[in-house]
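> Would you be able to build a 3D model of this:
(chains A and B)
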Amino acid sequence: MSTTTYREAMRDALAAALRDDDRVFLMGEDVGAYGGCFGVSLGLFEEFGPERIRDTPLSEAAFVGAGIGAALGGMRPIVEIMTVNFSLLALDQIMNNAATLLHMSGGQCNVPIVIRMTTGAGRQLAAQHSHSLEGWYAHIPGLRIVTPATVDDARWMLQTALDDPDPVLLFEHGALYGAEGELTDDLGPVDLDRAAVRRSGTDVSLITYGGTLPTVLAAAEELAGRGIDAEVVDLRTLRPLDDEAILGSVARTHRAVVVDEGWRSGSISAEISARITEGVFYELDAPVGRVCSAEVPMPYARHLEIAALPSVDGILQAVEELGLRG
Amino acid sequence: MGEFCMPSLGADMDEGTLLEWLVAPGDPVRRGDIVAVIDTEKSDIEVEVFEDGVIGELLVEVGTTVPVGTPLARIEGATDAGRRSAPTSPPVPAPQPVAPAEGPPRGVATTARTAGRVLSPIVRHLADERHVDLHHLAGTGPGGVITRRDVEGAPRSGPGGVAAPLEHRPTRATPADGRTRSSPYARRLAAEREVSLTAVVGSGPGGAVLAADVPAAAPVDRDAGMRDAIARAMARSKRDIPHYYLQTTVDLGVALDWLRTRNEACPVVERVLPAVLLLKATASAAAEHPALNGWWEDGHRPSSDVHLGVAIALRGGGLVAPGIDGADQMSLTELMTALRDLTGRARAGRVRQREWTGPTITVTNLGDLGVDAVWGVIRPPQLAMVGFGAVHDEVLAVDGAPAVRPVVVASLAADHRTSDGIEGAALLSRIAALLQDPDALDRPHPHPTGGATP
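Numbers count the residues shown, from 1 in each chain, chains lettered A, B, ... in the order given. The predicted structure is shown next:
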C-alpha cells in the first residue's frame, strides 16, 4: 500500500499499458509536450516519444475517428478527449462507428478502442466544461461505460478496458484528480462487470458512481452519527449496470437513494430507480429517492455551482424524506 | 304527499347515516334541490329531492344510520313551491339545531359542519379512521378550519385506536377502496404475518405504514377490540333474542361414502371437505324456511336468498362469521372454493362489507375440536344458528339391528319471535334428509320462487 493521487494512479496505469503492449498509444489534445490539460500524461512524452504520445489538432471528430481506424487496424489506441462536453463533437464517430461496427459487420470488425475523458463540475469551469453526460453514453448499446472513483480503480481499470475487444469509454471526474488515497499494489485488472460496496450498511442503500462517491461516503459517515447505517454502492460501470449488486443491496436495506451528478430528467439515476422498482418493488419500504444536479447549465459562480451539485446536506435530506430516522 | 327516502348510492350500500339536514319543516323544495348530506362508507354525499313540494315532518334524526329505502322526511304534495304551507302534523322534536333560522342556501352546501365549523369529507373520514374527536380539535386552516394535517397530528380518543371488527359496520379504518397507504415491503410483511394493515398506525410520510410499524404478530389491541365486539354482540343476543334449542343426530354413512368416492375421482383442487356438505345442506334447508332465514330489524324481515355465515376462528384468537352469498345455489366444488377464499381472507383481515353485513343465517362447526354438539348464540340481527359437533362413530339401530355408523349431532338455536319449535324441527329434519341424498346436494338448489336468483 502506498498513498498516491488519482492523477498519478491514472498516469501509472497509462505508463504500464504503454510498456506492456507495443500496440498501445495515447493521442489527444496537448497530451504530449504539455503533459495533458489536467497533467495526467505528464512525463509520458519524454519516456515513450512522439510516435506513441501523439498531440492532435483541435478536432475531436478527426482524432476519435483516427483512433477507431487504428483500432480496426489492430492497434490498441487510448484517445483522450479534454472534457465530456467536447466529446459531443465526436459523438458521430463514437455512436455511429465505434458502437455499431461490430454489429454492422456481422461480427467481423470489432473496435478495441479506449476513450478517456474528463467529466463533472466543481472546478469553476462553467457550463461548457462541467457537465456529467456519461449517462447519455450509457444509453448506447455497443459501448461499455466505466467511471473509476477510487485510486485503485484509476490504477487498475485501464488494463481491463484495454483487454476488452470492444469500445470502452472511461470517465474521469475532474474533481477527483487531486484526491489522495491508498493504492493497492499489484491489485491487478478490475472486473468491470461488478459494482463495489464501498461501505456496508443495513438501513438504506446510497447508490452512486464517480465524482460523487466521496460526497456520498461523507454523508454515510454523518448518517452513522445519527444512528442510520447506510450502505454505499459504487456502480463503477454504468453500462452494463450490475443489477445483481444494486437490487441485492436494496433487498437488504429496503430503501434506496441514487446520487448522480447528472441532471435528473432522463438520467442514469432514473434508469436505476426504474430497475429497483421493477426488480424489488415488494422489498421497498419507501419510494426510491434521488439526489441529482439542479437542471440548469452549470453556473460559473462558486456559490451557485456548489448549490447546483449534489451535497452531503441534500443526501441527508433525501434519506430523511424516506421516513428514516435514527 | 310523498316521502324522501334514504337513497341507494351504490350497489354495495345497504345503509347510510344522515349527517345533516339542509332543510327544515315548512321549507318549499323543488325537484333537484339538495336537501341532506348522507355519509356512506365511501364519502359524504349531498342528496337531492325528486319532487316539488314542502318539507313536512323530518322522520330521522341527524346522526342516525338507517337502511336504504327508509323514509327520511315527508314531502307535502303542494306544487306551489313558493308558498309556505302549515305542516299538517306538528314537527317532530327538532332533529338537531342543524341550520340557523334562515338556513344555508339550498343546493349550494359543499361541506358538512361540526359545531358550526366547516369539515371536508376527507377530514371527517380521517378523524373517524383515527378515532380523533373533532369537537376538541383546534383547526389551523384558514378561518380555523380543521385540516387533514391537524387530524393526523391529533391524539386518538378510542381505546387502542382500533375499530371493532365484528359489529354491523366494517371498520372505518378501511378506506373506500380497501387499501391502506403503506410501503410495498410493509404490505408484504403484513401479509406474511397475517396482520391487518388497517389496524396498524403508520409512521411514514402521510401516515403511510412502514415495515417498522408492522407488528411481529396480530396486535394485542386488535384482539382486545375483537373481544369487546364479541362481548357486545353476544350480550345483545342473549338480552334481546329469546332462544330456543333443538338437536338431532344425523346418520352420515351415505354422505361420507359418496364423498369418498367423489373425491377419489377428482383432482385435488376439486376435492371437498365433509364440512362443505353440512354447509350446503344447511343453506338449502334455510332457503325453504324463511322464518329462520333473515333478520330481526324492527320486526321480522325474512329472506328468500341465503347468505350463509360461517364462524371462523382466527389464529391469533377471536372469531368472525362472514358470509357466502347464494350458498344454496352453489355446487359443492363452488362452495368449497368460496369457503377456502373466505377463510383465507378472514384470517388476513380482508373481509368485504357485504360479507360482514349480509349473512341471513350462520353455521358454527366445532367438529375439529372433538365436541359432540354445540348450541349456538345467535348473531344479531339474524334469526338462527346451526351447529355441528364432531363426526364420530355411534351404534345406531338400522333396520332393526345395531350398526356402527358415522354420525354428527346437528343443533339449532333459533329466535322464538319469528319461529316456533315446529318450524325449527322442520329445518333440522330437512338438513338431515338432504344429507341422505348427497348427489342432489351437489346440484344447485331450486330456488323457492321457482327461478334462479338474478
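
> Which positions in chain A make contact with chain B?
A:His254, A:Phe281, A:Tyr282, A:Glu283, A:Leu284, A:Asp285, A:Ala286, A:Glu321, A:Gly323 (C-beta under 8 Å from any C-beta of the partner chain). Every C-beta, even on glycine, is put in place using the N, C-alpha and C of the backbone.

> Could you rerun that using 7 Å?
Contact residues, chain A versus chain B (C-beta under 7 Å from any C-beta of the partner chain): A:His254, A:Phe281, A:Tyr282, A:Glu283, A:Leu284, A:Asp285, A:Ala286, A:Gly323.

> In PyMOL, how would I select just the buried ones from the residues you listed?
Those of these that count as buried under 16 or more other C-beta atoms under 10 Å in any protein chain shown are selected in PyMOL with:
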select buried, chain A and resi 254+283+284+285+286+323
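
> Secondary structure and pLDDT added to the residues of chain A next to chain B, as JSON lines?
Shown next, in JSON lines, are the residues of chain A next to chain B (DSSP: H, G, I helix; E, B strand; the rest coil; pLDDT from 0 to 100):
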{"residue": "A:His254", "secondary structure": "coil", "pLDDT": "95"}
{"residue": "A:Phe281", "secondary structure": "helix", "pLDDT": "94"}
{"residue": "A:Tyr282", "secondary structure": "helix", "pLDDT": "91"}
{"residue": "A:Glu283", "secondary structure": "helix", "pLDDT": "92"}
{"residue": "A:Leu284", "secondary structure": "coil", "pLDDT": "94"}
{"residue": "A:Asp285", "secondary structure": "coil", "pLDDT": "92"}
{"residue": "A:Ala286", "secondary structure": "coil", "pLDDT": "93"}
{"residue": "A:Gly323", "secondary structure": "coil", "pLDDT": "81"}
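
> Can you pull up the most central residue in chain A?
Among the residues of chain A, the one closest to the centroid is A:Thr147, at 1.9 Å (C-alpha atoms, centre = their mean).

> quick one: contacts of the helix or strand hosting A:His103?
A:His103 belongs to helix A:101-104 when assigned by DSSP states H and E. For helix A:101-104, the external contacting residues (C-beta atoms under 7 Å, 6 or more residues apart in numbering or on different chains) are A:Cys109, A:Asn110, A:Val111, A:Gly142, A:Asp166.

> Same check on stretch A:246-253?
A:195, A:197, A:201-205, A:207, A:231, A:233, A:256, A:272, A:275-276, A:279-280, A:283.

> And for the closest residue to B:Leu441 other than its chain neighbours, the neighbour number?
Ranked by C-beta to C-beta, 6 or more residues apart in numbering or on different chains and with sequence neighbours excluded, the top spatial neighbour of B:Leu441 is B:Lys280, at 5.2 Å. Counted with other C-beta atoms under 10 Å in any protein chain shown, residues neighbouring B:Lys280 total 27.

> before we move on, what about the one 3 residues further on?
Look at B:Ala283: counted by other C-beta under 10 Å, it has 28 neighbours.

> ok, it touching B:Asp328?
Yes: B:Ala283 lies in contact with B:Asp328 (C-beta atoms under 7 Å); the separation is 4.0 Å.

> So which elements touch the helix or strand hosting the residue nearest to B:Leu441?
Assigned by DSSP H and E, B:Lys280 falls within helix B:274-287. Counting by 3 or more C-beta pairs under 7 Å, 6 or more residues apart in numbering or on different chains; DSSP states H and E, the packing neighbours recorded for helix B:274-287 are helix B:253-264, strand B:307-310, helix B:332-347, strand B:361-365, helix B:421-434, helix B:438-441.

> from the middle of its chain, how far away would the helix or strand just after it be?
With elements assigned by DSSP H and E, the helix or strand that comes after helix B:274-287 is strand B:294-296. Here strand B:294-296 is found 12 Å from its chain centre; the criterion is C-alpha atoms, centre = their mean, to the nearest Å.

> same deal with stretch B:58-71?
Stretch B:58-71 sits 18 Å away from the centroid of its parent chain (C-alpha atoms, centre = their mean).

> measure that stretch end to end?
The straight-line separation of the ends of stretch B:58-71 (C-alpha to C-alpha, to the nearest Å) is 9 Å.

> Show me which positions of it end up buried.
Going by neighbour count (16+ other C-beta under 10 Å), the buried part of stretch B:58-71 is B:Leu58, B:Leu59, B:Val60, B:Val62, B:Val66, B:Pro67, B:Thr70.

> So the first one sits against B:Gly26, correct?
In this case it means B:Leu58. No: judged on C-beta under 7 Å, B:Leu58 makes no contact with B:Gly26 at a distance of 10.6 Å.

> Neighbours of the residue in the stretch 201-350 of chain B that chain A sits nearest to, how many?
Residue nearest to chain A within the stretch 201-350 of chain B (C-beta to the nearest C-beta): B:Gly204, separated by 4.0 Å. Other residues near B:Gly204 number 20, with proximity taken as other C-beta under 10 Å.

> give me phi/psi at it?
When read as degrees, to the nearest 10, the backbone of B:Gly204 gives phi -80, psi -180.

> Pretty sure A:Ile53 sits against A:Leu44.
Yes: counting by C-beta under 7 Å, A:Leu44 is a contact partner of A:Ile53 at 5.0 Å.
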